[in-house]
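*Asks:* return atomic coordinates for the entry below.
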Amino acid sequence: MSLLFVATIIVGALSYYFIRRERRKTRVAELEEKIRVRTKEREADFKWAEEESKKISEEQRKKIGELDFEQLRAALQRGDFTCSEVVSAFYSFALKANENTNAVVLFIRESRKWAAEWDERAKKGEKKPPLLGVPISIKECTSMKGFDQTRGYAASIHKPSEHDAPLVAQLKELGAIPFVQTNVPMSLLSYTCGNSIYGWTENPAKKGRTPGGSSGGESAIIAAGGSLLGVGGDVGGSIRIPAHYTGIAGIKPSHRRFSSKYCTGSVPGRPLINSSEGPMAPSIDTCAEICKLSWSSTWQSDHDPYIPPVLWRQELYEEGKKYRIGYYTDDGWFTPTPGCARVVEEAKKALEAKGHTLIPFHPPDVPEINRLFVCSVCVDGGAYLMGLMENDIPPPVFLKALMPLRVPILIQRLAGFVAGLLGYGRIQKLSKAMARSTSELRSSYAAIEEYRHRFIHEMQKAGVDILLCPANIMPAPPHEGPLHLSCGVSYTAIFNLLDFGAGVCRAGTWSTEDERKLADYPTTDIWYKMAKDFSKDSVGLPLGVQVAAPPYMEEGVLRVLSDIEHALKK
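*Replies:* Numbers count the residues shown, from 1 in each chain. As a prediction, the model looks like this:
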């Protein structure tokens, strides 16, 4: 009887294994077919864009390509070029940028129709909107009616959105023309950029390096000259880290200044740590102009009543406005590699020369806050993410990076305890990130809310309005680097947790001296060793600095970033 029972168990287990394996094979075949179809659609799309780009002379294309954002706006307002001519030119620029970056997902064919409609209205003498005919690129997970928001999941191919995201809709009303979608990392919860549908996106500054994520396609196409303005999203640094890695600018406003309605996030149903939409561009002044245009009316709150009607405050952005700025180069969790700290010091001196007051500031208890951030982002212990991954075809390195989520929380903490005994305190700290129960999760939320008030109190006690700090721990690393160093986002993630407005602008490049000083960089644990290795051979790569302020002070953030950008522009 006992042998029969054992045999039944074995046969049952083997049957389950083989059935599960066959179902997985069938599922993979279905997804691979979806990817094959999308690849063909993409190839046809690129051929379409190439043909459309020929509807403008080489001379006109060259003239348009020499213009920056403000010059292009002015030319369109004067009628030097039609909207159709400009869109045709940008098809060409995006195709050229894509050759070295693989940033483009799909072209938005309706852009041709929208351009023609604006041209017709201009002929009739209608009032020209402020962004008349300006082409804009859109991050793939930002909702565009009729287009997929796959987030890198093959299972989401051919599931188009029914709505435009509010920011996209508003920019369209202001005259802008969305013309291309850009790549993202699978799941969005990574600061690299690649997936099994569209492949890896390259940093235009150096092949083999990531442009960052999750708005990596946006940063790459802008840095490569394929777009002058883009829309990104940020839940832990997804606008700011890509801007830092590629040498462009971007801002993540506090959560309720732009509506995120219809935008598919990385983990839905997650309170406190929310994604924010925001502009990305070659210059922070362009981002400021987009924010000013968007917040000069109550359009956002009119279309989403959860958005407070906070209008643009010019007095915070006035040129010559002086701020008391707290600065730091080390947050107490992850010491940045040399160049990333150096450019903060250089930005500090430039701001002092502009008349700002710079005061040393140390953010309180960042190691603990980093743990709370991870807990709140992976609100269900990673179950949602793992469910999507297991039902899809993730690149192997993504599965490897998510392996810790498969380990029971008790085992995670036991392993962390052992790591602590061996002197790896940071690993022990993060091993306690996942909540074991709803009670523990509630306690984490309470701790975040308490920390927000504590942080503001510390700023008030120090007498500072705005903060200046590194944008990331390193220059652009190899593609897989961020998947091994998910702990390296503390400089940006803290401002998502605080719901501060925060932005990044270019402040310099990694120098030979930075490379030399890298020899003295600490290697006290495996994470520091990886950061050091990933930073090698980076001479010439862009470096940014980050500026942040409490909610609804984005104008001050933009003012300080503009002062830095103009002072350090080379």
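*Asks:* quick check: next helix or strand after the worst-scoring helix or strand of the chain on mean pLDDT?
*Replies:* Ranked by mean pLDDT, DSSP states H and E, the weakest helix or strand in the chain is helix 403-406, scoring a mean of 81. Moving toward the C-terminus from helix 403-406, the first helix or strand encountered (DSSP states H and E) is helix 409-421.
*Asks:* check which helices and strands that following helix is in contact with.
*Replies:* Of the remaining helices and strands, those touching helix 409-421 by 3 or more C-beta pairs under 8 Å, 6 or more residues apart in numbering; DSSP states H and E are helix 425-430. Every C-beta, even on glycine, is put in place using the N, C-alpha and C of the backbone.
*Asks:* okay, buried residues for the helix it packs on please.
*Replies:* By neighbour count with 16 or more other C-beta atoms under 10 Å, helix 425-430 contains the buried residues 426-430.
*Asks:* what's the closest non-adjacent residue to the residue nearest the centre of the chain?
*Replies:* When C-alpha atoms, centre = their mean is applied to the chain, the residue found nearest the centroid is residue 238 (1.9 Å). Once flanking residues are discounted, residue 238 sits nearest to residue 214: 4.2 Å by C-beta to C-beta, 6 or more residues apart in numbering.
*Asks:* with residue 426 as the reference, measure out to that neighbour.
*Replies:* Taking C-beta to C-beta, to the nearest Å as the measure, residue 214 falls 24 Å from residue 426.
*Asks:* okay, residue 16: pLDDT?
*Replies:* Confidence at residue 16, expressed as pLDDT, is 63.
*Asks:* quick one, strands of the stretch 51-200 of the chain?
*Replies:* 104-107, 135-139, 177-182, 194-195, 199-200 (DSSP state E, counting those that start in this stretch).
*Asks:* just the C-alpha atoms of stretch 213-220, please, in PDB.
*Replies:* Below are the C-alpha coordinates for stretch 213-220, written out as PDB (Å, rounded to 0.1, in the frame of the first residue of the first chain):
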ATOM      1  CA  GLY A 213      16.300  53.400 -17.900                       C
ATOM      2  CA  SER A 214      13.600  53.100 -17.900                       C
ATOM      3  CA  SER A 215      13.400  56.100 -20.200                       C
ATOM      4  CA  GLY A 216      16.500  54.900 -22.000                       C
ATOM      5  CA  GLY A 217      15.000  55.000 -25.500                       C
ATOM      6  CA  GLU A 218      14.100  58.700 -24.900                       C
ATOM      7  CA  SER A 219      17.600  59.600 -23.600                       C
ATOM      8  CA  ALA A 220      19.300  57.800 -26.500                       C
END
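*Asks:* so for it, mean pLDDT?
*Replies:* Averaging pLDDT along stretch 213-220 gives 98.
*Asks:* low-confidence stretches in this structure?
*Replies:* Within the chain, the set of residues satisfying pLDDT under 70 comprises 1, 4-8, 11-19, 570.
*Asks:* for it, longest helix please?
*Replies:* Counting residues, the longest helix in the chain under DSSP state H turns out to be helix 2-53.
*Asks:* which strands or helices does it pack on?
*Replies:* So helix 2-53, by 3+ C-beta pairs under 8 Å, 6+ apart, packs with helix 83-101, strand 104-107.
*Asks:* what's the closest of these to residue 365?
*Replies:* helix 83-101 (38.8 Å; C-beta to C-beta).
*Asks:* for that closest one, which positions count as buried?
*Replies:* Buried, per 16+ other C-beta under 10 Å, within helix 83-101: 83-95, 97-98, 101.
*Asks:* nearest to residue 537 among the residues you listed?
*Replies:* residue 101 (19.6 Å).
*Asks:* contact partners for the spatially closest residue to the closest one that is not a sequence neighbour?
*Replies:* The spatially closest residue to residue 101, leaving aside those adjacent along the chain, is residue 220, at 4.2 Å (C-beta to C-beta, 6+ apart). Going by C-beta atoms under 8 Å, 6 or more residues apart in numbering, residue 220 touches 97, 101-103, 182-183, 193, 201-204, 211, 242, 246.
*Asks:* what's across from residue 543 in the sheet?
*Replies:* When assigned by DSSP bridges, residue 543 has beta-bridge partners residue 508.
*Asks:* residues near it, how many?
*Replies:* For residue 543, the count of nearby residues is 30 (other C-beta atoms under 10 Å).
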